[in-house]
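# Got a sequence here, can you model it:
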Amino acid sequence: MPIVKIIELVGESPNGWEEAMKNIIKEAQKTLRGITRIGAKEFDVRMVDDKLEVFRVRAEVSFRLERD
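Residues are numbered from 1 along each chain as shown. Modelled structure (predicted):
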């Protein structure tokens with residue numbers, strides 16, 4: 001029976017939420033194997049001096065734990 005671990009990652013982009021999510025996927029694939037799901041939990045923006053600075057996505061990444 002597979003065991004799945006879930007971690008939370010935050011991606012950012014000055015160009016929009018879609019690019020922020022793509023950044024999460026790209027970074028997760030660099031170090032995780034067996035990714036089964038990436039689900040967006042929250043979308044927000046960071047503001048500086050009343051101006052939008054960056055789009056942010058908080059996402060859960062699910063992946064299978066490897067066993068010997």
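# quick one: the helices in this structure?
17-31 (DSSP state H).
# quick one: the strands in the protein?
Listed in chain order, the strands found in the chain under DSSP state E are 4-13, 35-48, 51-64.
# Would you format those as a markdown table with mean neighbour count included?
The way it works is simple: take the backbone N, C-alpha and C, and place the C-beta from them, glycine included. What follows is the strands of the chain, written out as a markdown table (neighbours: other CB atoms under 10 Å):
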| stretch | mean neighbour count |
| --- | --- |
| strand 4-13 | 14 |
| strand 35-48 | 12 |
| strand 51-64 | 16 |
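# just for the protein, where's the confidence low?
Residues of the chain that meet the criterion pLDDT under 70 are absent altogether.
# coming back round to it: and of the strands of the chain, who's closest to Q29?
Comparison of the strands of the chain against Q29 by CB to CB identifies strand 35-48 as nearest, at 6.9 Å.
# What pairs with the closest one, parallel or antiparallel?
Within its sheet, strand 35-48 is paired with strand 51-64 (antiparallel), according to DSSP bridges.
# Taking their axis directions, the strand it pairs with and strand 4-13 sit at what angle?
160 degrees (axes from the mean of the first three to the mean of the last three CA atoms, to 10 degrees).
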